[in-house]
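Chemist: any chance you could fold what I've pasted below:
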Amino acid sequence: MLVLRTLTVDDWPLWRDARLAALTDAPHAFTSRLDDWHAGGERRWRARLELPGSYNLVAVLSGLPVGMASGVPGDDGVPELRSVWVSPEARGQGLGNRLIGAVEGWARGSGPTPQRLAVIDGTEPAISLSGRPGFVAAGPRAGQRVMLKPL
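Modeler: This next block holds a predicted model:
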């Protein structure tokens, strides 16, 4: 059974496993690299989950992480969808939409603002996934397409 698990700081090992799987599977889809996450140990993994106001999810199937997504408050008050990933074995089953929908629910708590997503140029599956739930192009940003969704 597939479960979406909202993470606490104590779930850092699950977050680590999901993040490492994502960076191994799709290194081209993220601004950080696998090597960036090997330094710092537990403190580094906990720091991401301790980000004030953040919302982090991992999809778990048979005890293994098969997807992830995060919501973080942007510097300008616009909530951002980040780190969306679905493992190859879980793709095509609507998991990406479930993850994005869960983060959208979190973002709605910020009030009537849009939600932002930046997708790395050339990652057509990510661009396609982000287009389905209603994100529209808002402009480029250094190697990324920035998209917004009204909430």
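
Chemist: buried sites along the longest strand seen in the chain?
Modeler: Longest strand of the chain, by residue count under DSSP state E: strand 64-73. Under the neighbour-count criterion of 16 or more other CB atoms under 10 Å, strand 64-73 has 65-73 buried. From N, CA and C alone the C-beta is placed, and that goes for glycine too.

Chemist: max pairwise distance over those residues: which two?
Modeler: Val66 and Pro73 (26.5 Å; CB to CB).

Chemist: follow-up on the earlier one: of the buried residues of strand 64-73, closest to Ala90?
Modeler: Nearest member of these to Ala90, counting by CB to CB, is Val66, at 4.0 Å.

Chemist: my read: the closest one touches Trp85, true?
Modeler: No - with contacts counted by CB atoms under 8 Å, Val66 stays clear of Trp85, the gap being 9.2 Å.

Chemist: just to revisit the earlier point, direction included, what does the longest strand of the chain pair against?
Modeler: Strand 64-73 pairs in its sheet with strand 55-61 (antiparallel), strand 79-86 (antiparallel), by DSSP bridges.

Chemist: most packed of the ones you listed?
Modeler: strand 79-86 (a mean of 24; mean count of other CB atoms under 10 Å).

Chemist: so where does Arg44 fall, helix or strand?
Modeler: Assigned by DSSP states H and E, Arg44 belongs to helix 41-49.

Chemist: list the buried residues in that helix.
Modeler: Neighbour-count burial for helix 41-49 [16+ other CB under 10 Å]: 45-46, 48-49.

Chemist: low-confidence ranges in this protein?
Modeler: Along the chain, segments meeting pLDDT under 70 span 38-40, 124-127, 129-133.
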